[in-house]
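[1] Build me a structure from this.
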Amino acid sequence: MQFLGFNFGSTKKKPLVTDAPATSGYEPIKYTQWFMRPRDLPPFSFSTILAMMLDPTIRLGLAMRSAPLFGCEFSYQKEGSDEWTPGIKANNPLVAAFVLRQFKKIWHDLDALVPAQQWGWAAAEVQLCFTEHRAIEVDRLIPRHSNDTRALVRDGEVCGVRFLRIKHSEKGYVDLPFPKAIFHSYAPDPGCEYGNSVLNGAYSPWGDKWLNGGALDTRRLFMHKDAYGGGDMGYPPGTTNIAGKGAVPNRDIAREIVEQYQAGSVTTRPSQLDPTTGKELWPFTRATVPSNPQHILQYPKDLDTEELRGMEIPDEVFMPSEAGTTGYSGKSIPMQGFYTGLDRWMIRMVGDVDRQVVRPLVAHRFGPGQVYEVTTKPLGKQAMENQGDGKANAGSQPSVFAGGWGRDGDDDGQRGEGGSGGGQQPPRIGQRMSLDPVAAVGEGVLSAAELVKAAKHVIDGRVTRLSTDAHQYSSTQFNLTGDLAFQVRELGYRIAFDDLAEDGREENPHITVKFGLHTNDAEEVRTAMADKSPVAVQFGPASYFASDEYDVVKIDVIGKGLRELNAAIAEALPNTETHPEYTPHVTIAYVKPGLGEKYAATLNDMEGRTAVFDRLTFSDNNRVHTSIPLTAKAIRFSAE
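    All right, here's what the predicted structure looks like:
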């Protein structure tokens, strides 16, 4: 799929009979809960949800629904076994470790996705990073408010996210494709990109509780009358002479008496009688309260229960069991329904993360066609296990996060420490996922031949690196970073895997400035560059070098300052000219002979882009890199 200049390759298997689903042209009637008007309530909207968030029961309900997801355990069941094994099931253990690491990083920022249950959808920018081996991985999620995100749809499928309210953008928005963004919908209707808020089910009882004249107003009025008594004061028309005040309106005197009574102070009033009827001219009637006000106090609590039920939280989640704890005691069916609903949400969330972010990164690092499966242990089963751990460990408090991260971490660090009971902590990023080779073969995760092949590949790679560590010459180059490097790599991944030559794609895009240097001392190069300025370049069209072994697909680079810097280094430092003419370029990939022309004609996305480089990289003959800043003020922007 191509979008905005990026191509991540197909991540779907083709059907056996047809290339597209028979119902691919389905156009649903997109019913929506938004701005509907149930009963006599205001329309349901984002503003409604903001108001509902003032309700402590709503906030607690959302937290109760999302808490189990944070502690989910990525694990799988081996064939013929009921036991769950922590980790990712994959043909290649390195792929399994890579996938697990990406999910852990994303789950660390899960707060960016769980608001989908509140707003109907959630989106975030995915910040990618380079590892020390120049591999692209997830660094973090940067959440943005759902009201400021929109799904980008192409050919009937969501392919990215539009982020609104971006000040530095001329259009006011930025479009990011997958995997640089993620879009997750909560319980969407078939064929709809946007989901439904779980709060819609709680809207009606919330209105009965919070709107004018609702349960809270009734309770407040009762408590006010019960505390202060209230009162009803009659007064005769006219005024009354009070010493020191003169003629005071009787209405003001009556109001002052009631206020004194409400404040709990001593009250007095004239004891005048009507000469005709003999009744008091200043009658005072104290307010009364119901003799049994339980129904008034219970009403908001009943509405709290209705709110939680509307959010698909059964009463049993909050009601204590006979033992005084919440859990499964006598309530297995409603609790199972609660966790099954969360599992459905979990499955969709895991699927979105995998399809939009992880699979493109797996294809980028290991090539297309990698087979793996991401599953999670059912949340209800985790809850029972955690509750059991809590009972087994007297004095310990069971946690919803217990056991949620598996036993070990990732494939490039130290082995994690196993926890006891249910109090296991998430492993640090960088821990190693253990792989028992005997178990891997015996349980069918790897065949013996695959295991030997993988070991041979690692050994051959180490031997190759050792044999090529020492080179005849040193060199200088400008390394592409950030989005420039990312886009060059994505151009490389438009090239079919089977068309690549042995050296494959270029994982460290750069512009060679001068090759063939004799010196191995970075300080000599630094001295020669002391008066040099940053260099501006422009990227040209894609082209290729042809040879008997492979074709080099590259991007031409234009810049007078670049050629002048090449000449200055050649004049200042001893060197051997290894090429008759300096042809600056950025290598995209090495392809099989005869295929260079094919790909050079289609990879011109960077043509016309410009960049300024202010750091020259010196690579000695052991390929140790030293960054040398170009500090002079003048910048050459002229191009040939």
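
[2] can we go C-alpha only for contacts and neighbour counts from here?
    Noted.

[3] where's the spatially closest residue to Ala112 that is not a sequence neighbour, which helix or strand?
    If the residues on either side of it in the chain are set aside, Ala112 comes closest to Pro143, at 4.8 Å by Cα to Cα, 6 or more residues apart in numbering. Pro143 is located in strand 136-144, with elements delineated by DSSP states H and E.

[4] can you check Tyr599 too?
    helix 596-600.

[5] residues of that helix that come out buried?
    Buried residues in helix 596-600, counted by 16 or more other Cα atoms under 10 Å: 596-597, 599-600.

[6] Same list (those residues) but as TSV, adding distance to Gly380.
    Output for these, formatted as TSV (distance: Cα to Cα, whole Å):
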residue	distance to Gly380
Gly596	55
Glu597	57
Tyr599	51
Ala600	54
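
[7] Make JSON lines out of those and add distance to Val358 and pLDDT.
    What follows is these, written out as JSON lines (distance: Cα to Cα, whole Å; pLDDT from 0 to 100):
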{"residue": "Gly596", "distance to Val358": "30", "pLDDT": "93"}
{"residue": "Glu597", "distance to Val358": "32", "pLDDT": "93"}
{"residue": "Tyr599", "distance to Val358": "26", "pLDDT": "93"}
{"residue": "Ala600", "distance to Val358": "28", "pLDDT": "92"}
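
[8] closest to Val362 among the residues you listed?
    Tyr599 (22.6 Å; Cα to Cα).

[9] so the closest one makes contact with Val552?
    No - contact criterion Cα atoms under 8 Å: Tyr599 and Val552 do not qualify, at 10.1 Å.

[10] In the strand holding Pro143, which residues are buried?
    Neighbour count says strand 136-144 has 136-141, 143-144 buried, by 16+ other Cα under 10 Å.

[11] What is the nearest of these to Pro179?
    Of all these, Val138 has the smallest distance to Pro179: 9.2 Å, by Cα to Cα.

[12] related to what we said a few turns ago, pLDDT value on the residue nearest to Ala112, please?
    For Pro143, the pLDDT comes out at 96.

[13] Make sure it is actually in contact with Glu125.
    Yes - counting by Cα under 8 Å, Glu125 is a contact partner of Pro143 at 6.5 Å.

[14] is it true that Gly559 touches Val537?
    Yes - using Cα under 8 Å, Gly559 is in contact with Val537, at 4.7 Å.

[15] just the buried residues of helix 596-600 now: which is nearest Gly201?
    Taking the buried residues of helix 596-600 together and measuring to Gly201 by Cα to Cα, the closest member is Tyr599, at 53.8 Å.

[16] helix or strand for Phe98, which one?
    Per DSSP H and E: helix 93-108 holds Phe98.

[17] Enumerate the positions of that helix that are buried.
    Applying 16+ other Cα under 10 Å to helix 93-108 flags 93-107 as buried.

[18] can you point me to the longest strand in this protein?
    strand 535-546 (DSSP state E).

[19] just checking, what packs against that strand?
    strand 551-558, helix 560-572, helix 596-600, strand 610-613 (3 or more Cα pairs under 8 Å, 6 or more residues apart in numbering; DSSP states H and E).

[20] what comes into contact with the helix holding Tyr599?
    Residues outside helix 596-600 that contact it (Cα atoms under 8 Å, 6 or more residues apart in numbering) are 495, 542-546, 551-554.

[21] Low-confidence regions, the protein specifically.
    By pLDDT under 70, the low-scoring segments of the chain are 1-21, 24, 28-39, 132-134, 224-231, 261-270, 286-292, 319-332, 387-470, 633-640.

[22] the helices in the stretch 451-600 of the chain, which residues?
    Per DSSP state H, counting those that start in this stretch, the stretch 451-600 of the chain carries helices over the ranges 482-492, 522-528, 560-572, 596-600.

[23] Save those helices as CSV, and put in distance to Lys167 too.
    Converted to CSV, the helices of the stretch 451-600 of the chain look like this (distance: least, Cα to Cα, whole Å):
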stretch, distance to Lys167
helix 482-492, 19
helix 522-528, 40
helix 560-572, 33
helix 596-600, 36
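
[24] To Thr240, which of these lies closest?
    Closest among the helices of the stretch 451-600 of the chain, using Cα to Cα: helix 482-492, at 85.5 Å.

[25] Please spell out which residues along that closest one are buried.
    484, 486-492.

[26] from those, which single one is nearest Glu307?
    For these, the nearest to Glu307 is Phe486 (47.1 Å; Cα to Cα).

[27] can you pull the contacts of that closest one?
    Applying Cα under 8 Å, 6+ apart, no residues qualify as near Phe486.

[28] Gln102 and Glu137 touch, don't they?
    Yes - in this structure Gln102 lies within contact range of Glu137 using Cα under 8 Å: 6.9 Å.
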